[in-house]
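# Output the structure for:
(one chain, ligands or ions: 2)
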Amino acid sequence: MKINKPKHDVNPDLAKERLKCNFNIEEVTNIIDGGKDKTVQRKKIEDIALNNGASLDEVPEECLSIKERYENAVRKSCVYGNLVRNEMLEITGIENFESPVLRRTADAFFKDISPFMLHLGMFVPTLIGQCTPEQTAEWLPKALDMQIIGAYAQTELGHGTFIRGLETTATYNPEKEEFVLHSPTITSYKWWAGGLGKTANHCVVMAQLYTQGKCHGTHLFIVKIRDLDTHMPLPGITVGEIGPRMGFSSADNGFLRFDHFRIPRENMLMKHAKVEKDGVYVKSAKHGKLTYGTMVFIRVTLVSEMSFNISKAATIAIRYSAVRRQTELRPNEPEPQILDYPTQQHKLFICIATAHAFQLTSCWLWNTFQAVLADMKKGNVDTLPELHALSSCLKAVSTSDALSHIEQCRFACGGHGYMLSSNLPFIYSFVAATRTYEGDYTVLLLQTARFLVKASEQAEAGKKLTQTVSYLNRTANADRLNWDNTHEGIIKSFQVIAAGKIGQCVKSIRDRTASGMDYEDAWLMTTVQLVGAAEAHCRAVLLNTYWSEMRKITEASSADVKKVMHQLAVLYLMYWALEKTGDLLKYSSVSKKDLDELQRRYEELLAELRPNAVGLVDAFDLRDEILHSSLGSYDGRVYERLIEEAHKSPLNDEPVNQSFHKYTKPLMLGKL
Ligand SMILES: CCCCCCCCCCCCCCCCCCCC(=O)SCCNC(=O)CCNC(=O)[C@H](O)C(C)(C)COP(=O)(O)OP(=O)(O)OC[C@H]1O[C@@H](n2cnc3c(N)ncnc32)[C@H](O)[C@@H]1OP(=O)(O)O
Ligand SMILES: Cc1cc2nc3c(=O)[nH]c(=O)nc-3n(C[C@H](O)[C@H](O)[C@H](O)COP(=O)(O)OP(=O)(O)OC[C@H]3O[C@@H](n4cnc5c(N)ncnc54)[C@H](O)[C@@H]3O)c2cc1C
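Numbering: from 1, shown residues only. Ligands and ions are numbered 1, 2, ... in the order given. As a prediction, this is how the structure comes out:
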């Protein structure tokens, strides 16, 4: 495979690691990409992106001022957007504008984030999901062609989670056939939308719809906020950037206030509900939450996004761990590579396995999502609640797990992992936001819990449940599962844990209502347990999906690839079984002896995977231009790169900084 041609000689330790690898790396890359043809397509697209020198920064972006960073990111976004529009979409097909491959190439341009990301990430998907055919014809081609640039303005200063509590109003005036958008309070300022502050000239706005004196709840509107020629905000619009934050530093998250701002009636996105010219409100949707569709879509895509981010962090940390040597094990022996420490393997190999688990689960979730969309096209919304429950918990758990694994990767790189040039802090702060945005972790797990409690009651009543909760049918009457130390046994025990926790929640709610509490309070008092139950359900889904999809996808693989893919999946099962021993002890007949045996097997498995560790991260096939890491490059020249990066610090531009003469010297001389 022609990848990552090293500019320098490869670090000898890393070169030796590659000789140890006993499986065909390209075969695993093809599995990750979803087939050989997909790998070929990805490489073609990456070549287009990476052969374009405009992605290179003379000064590292983190060394620029806030303004320079933004301006540099816009420059690169325009070059990148143009490439996407003119060359890459021809290869993927326009319908795949959000293909993970395009997302991956964006990282060659931006260590942090593009100010245009939300345009493609949320504005365009909202047009696709929420417009009538006429509206689609009007706006989508312009948006895809970047003639208009949009943001998704839903969250307000006072409300993000509770969408029904949003305060922005859209009041219909039948005389003028217009909506009047207004921000009545300080808390109703739109807040946070990516690209809204300085970049976007349009945005989709979620607002409370009033017509004929009645409020019909939140609906979506497309609003032009800036003049297309001068880019000046239109009269009635106050718009700006919300200020520095933990990450997302090269984008412009924005605020927006409306002062009786008028838009034509046709700017209400009317796929699921409309307001007639005379002001009559007509709802066509069979389900009340279809205006939340973009959020469901993004939650689905975030699982693959998490796989990508973990694979980047794991590649950096494992290559570095092969190069780094530390501490004598025995006197006068060479210091070992830190990758030889089982504790290091424990931190890192789970990251490789998790990247695979999330990748396979995300493909499965994507297919489920497509099936639900097809059902909805036929007018059947029955499968939506299960998709909402699944996408909510998988978004919550995948973002949360990704965050803690990426932090482990940083820990695994010691002090150098703290350097921005390692790229680990960028990856971490980017992923930290994902745990919050598109629905906070706790809030989304509680949405899944609502579904699980209902499912449990249905199982109790003898109803046959849908696939992802069908284990509740089987385990409804099970108390403690007989422990079975096989892979299938571990998966089953996670289903029993989930069923047990959901059952305990139902019991707590019932006990509380029986003792006189109303249902809302009983639910509230039980929410700590409900979050735990939804997480347990999600773990059962992840374990089961990863295991079964891995077996399917490797059916035709070579024996060596089958073996290593199998080892990773077993590692994933064992890791989580050992993490959840308390639950296993509570809900199964597992003994101390069984757990000791599991621990021993897990440690052996780490040692078995050790020779293939570098090969496994090479199989992610992340080119240096995408990794942006002094610690993780293919050639492993870690120390040379750290020194090279240090020289780029603006503080090294001159031998003596002016502050010495201005402040330090007067202090030294007692003249301050
Ligand atoms: C050119 C350069 C380009 C660069 C490259 C670009 C490449 C593209 C890359 C793409 C990457 C993507 C990046 C995306 C970045 C995103 C950034 C962040 C954006 C945002 O954060 S937008 C704002 C998101 N906000 C939220 O998520 C808010 C969370 N809150 C909610 O979702 C709801 O309010 C909540 C919590 C669900 C409650 O809603 P509520 O209306 O109060 O409903 P109830 O709780 O009362 O439930 C009633 C009933 O409805 C069911 N329900 C709720 N939601 C849904 C749903 N979405 N679908 C279906 N059903 C739903 C709920 O379960 C209840 O059912 P019952 O049967 O129990 O009654
Ligand atoms: C980097 C970034 C980018 C963003 N981009 C956009 C964007 O482009 N467009 C947009 O519209 N929004 C955007 N957002 C906003 C984002 O969607 C919200 O911040 C997110 O949905 C969380 O809502 P919140 O901030 O209101 O948190 P809150 O709901 O105030 O949460 C605070 C705490 O309260 C808890 N909590 C809240 N409600 C409950 C409950 N019912 N039960 C139990 N606990 C609860 C939460 O768990 C959390 O711990 C972005 C946010 C970030 C950080």
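# CA only for contacts and neighbour counts going forward, please
Noted.
# what about stretch 268-286 and ligand 1, touching?
No. Counting by CA under 6 Å from any ligand atom, ligand 1 is not contacted by stretch 268-286; separation bottoms out at 11.3 Å.
# Compute the first-to-last residue distance for that stretch.
For stretch 268-286, the separation between the terminal residues is 19 Å (CA to CA, to the nearest Å).
# Buried ones in it, by neighbour count?
268, 269, 270, 271, 272, 273, 274, 275, 277, 279, 281 (16 or more other CA atoms under 10 Å).
# which outside residues touch that stretch?
Here stretch 268-286 makes contact (CA atoms under 8 Å, 6 or more residues apart in numbering) with 127, 129-132, 135, 172-174, 177, 211-212, 219-222, 265, 290-291, 379, 381.
# ok, now stretch 375-393?
Counting by CA under 8 Å, 6+ apart, 286-287, 296, 299-300, 365, 368-369, 372, 444-445, 447-449, 451, 534-535, 538 sit against stretch 375-393.
# same thing with stretch 43-55?
For stretch 43-55, the external contacting residues (CA under 8 Å, 6+ apart) are 76, 79-80, 83, 87-88, 91, 101-102, 105, 108-110, 625.
# From those residues, list the buried ones, please.
76, 79, 80, 83, 88, 101, 102, 105, 108, 109, 110, 625.
# mind listing which of those residues are in helices?
76, 79, 80, 83, 101, 102, 105, 108, 109, 625 (DSSP state H).
# Specify which member of the contacts of stretch 43-55 is nearest to ligand 2.
Closest approach between these and ligand 2, by CA to the nearest ligand atom: residue 110, at 15.5 Å.
# My guess is the closest one contacts residue 73. True?
Yes. Applying CA atoms under 8 Å as the test, residue 110 and residue 73 come out as touching, 7.2 Å apart.
# Would you mind listing what in this structure touches ligand 1?
So far as CA under 6 Å from any ligand atom goes, the chain lies against ligand 1 at 77, 80-81, 98, 103, 106, 114, 116-118, 120-121, 154-155, 160-164, 289, 292-293, 295-296, 384-385, 388, 437-439, 443, 447, 450.
# Counting neighbours, which of the residues you listed end up buried?
So, by 16+ other CA under 10 Å, the buried ones in these are 77, 80-81, 98, 106, 114, 116-118, 120-121, 154-155, 160-161, 163, 292, 295-296, 384-385, 388, 437-439, 443, 447.
# Ligand 2 next: which of the residues you listed are close?
Filtered for proximity to ligand 2 (CA under 6 Å from any ligand atom), these shrink to 154, 155, 160, 161, 437, 438, 439, 443.
# Mind checking which of those residues land in strands?
Among those, no member falls in strands (criterion: DSSP state E).
# Just confirm residue 217 is within a strand.
Yes. Counting by DSSP: H, G, I helix; E, B strand; the rest coil, residue 217 falls inside a strand.
# tell me the contacts of it?
Counting by CA under 8 Å, 6+ apart, residue 217 has contacts 164, 207, 208, 209, 210.
# what pLDDT does it get?
On the pLDDT scale, residue 217 is placed at 97.
# Would you mind measuring from it to ligand 2?
Using CA to the nearest ligand atom, to the nearest Å, residue 217 is found at 16 Å from ligand 2.
# what's the answer for residue 610, then?
36 Å.
# One more: residue 132?
From residue 132 to ligand 2 the distance is 22 Å (CA to the nearest ligand atom).
# helix or strand for the residue nearest the centre of the chain, which one?
Nearest residue to the geometric centre of the chain (CA atoms, centre = their mean): residue 302, 3.5 Å. Assessed by DSSP states H and E, residue 302 sits inside helix 293-323.
# helix or strand right after that helix?
helix 342-377.
# thinking again about what came up before, what angle separates the helix holding residue 302 from helix 342-377?
With axes from the mean of the first three to the mean of the last three CA atoms, to 10 degrees as the basis, helix 293-323 and helix 342-377 are set at 160 degrees to each other.
# Put together TSV for the buried ones among the contacts of stretch 43-55, with pLDDT on each row.
Shown next, in TSV, are the buried ones among the contacts of stretch 43-55 (pLDDT from 0 to 100):
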residue	pLDDT
76	94
79	92
80	91
83	91
88	90
101	83
102	84
105	91
108	91
109	92
110	92
625	94
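# Would you reformat these as a markdown table and include distance to residue 546?
What follows is those, written out as a markdown table (distance: CA to CA, whole Å):
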| residue | distance to residue 546 |
| --- | --- |
| 76 | 37 |
| 79 | 38 |
| 80 | 34 |
| 83 | 35 |
| 88 | 31 |
| 101 | 22 |
| 102 | 25 |
| 105 | 26 |
| 108 | 29 |
| 109 | 32 |
| 110 | 31 |
| 625 | 30 |
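# OK, contacts around the residue of the stretch 201-350 of the chain found nearest ligand 2?
Nearest to ligand 2, among the residues of the stretch 201-350 of the chain, is residue 248, at 6.1 Å (CA to the nearest ligand atom). Applying CA under 8 Å, 6+ apart to residue 248 gives the contacts 112, 113, 429, 430.
# can you give me phi and psi for the third one?
Think residue 429. Note on residue 429: its backbone torsions stand at phi -70, psi -30 [degrees, to the nearest 10].
# For burial, what's the neighbour tally of the residue nearest to it when sequence neighbours are not counted?
Closest residue to residue 429 apart from its sequence neighbours, by CA to CA, 6 or more residues apart in numbering: residue 247 at 5.1 Å. Neighbours of residue 247 under the rule other CA atoms under 10 Å: 18.
# which SSE is the one residue in the stretch 451-600 of the chain that gets nearest to ligand 1 in?
Here the stretch 451-600 of the chain gets closest to ligand 1 at one residue, residue 451, 6.0 Å apart by CA to the nearest ligand atom. Using DSSP H and E, residue 451 sits in helix 441-460.
# Send over that helix as CSV, restricted to the C-alpha atoms.
The C-alpha trace of helix 441-460 is given here as CSV (Å, rounded to 0.1, in the frame of the first residue of the first chain):
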residue,chain,number,x,y,z
TYR,A,441,-25.2,12.7,28.2
THR,A,442,-27.6,12.5,31.1
VAL,A,443,-30.5,14.0,29.3
LEU,A,444,-30.2,11.5,26.3
LEU,A,445,-29.8,8.5,28.6
LEU,A,446,-33.0,9.6,30.3
GLN,A,447,-34.8,9.6,26.9
THR,A,448,-33.6,6.0,26.4
ALA,A,449,-34.8,5.2,29.9
ARG,A,450,-38.3,6.3,29.0
PHE,A,451,-38.4,3.9,26.2
LEU,A,452,-36.9,1.1,28.3
VAL,A,453,-39.4,1.5,31.1
LYS,A,454,-42.3,1.2,28.6
ALA,A,455,-40.7,-1.8,26.9
SER,A,456,-40.2,-3.5,30.3
GLU,A,457,-43.9,-3.0,31.1
GLN,A,458,-44.8,-4.4,27.7
ALA,A,459,-42.6,-7.5,28.3
GLU,A,460,-44.3,-7.9,31.6
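# Which helix or strand lies directly C-terminal to that helix?
Next element after helix 441-460 (DSSP H and E): helix 471-475.
# Give me the contacts around that following helix.
455, 456, 459, 460, 462, 463, 464, 465, 495, 496, 499.
# go again using 7 Å as the cut-off
The contact list for helix 471-475 (CA atoms under 7 Å, 6 or more residues apart in numbering) reads 456, 459, 464, 465, 495, 496, 499.
# Could you check how many residues crowd around the closest residue to residue 622 other than its chain neighbours?
Closest residue in space to residue 622, ignoring its immediate chain neighbours: residue 312 at 7.2 Å, by CA to CA, 6+ apart. Counted with other CA under 10 Å, residues neighbouring residue 312 total 29.
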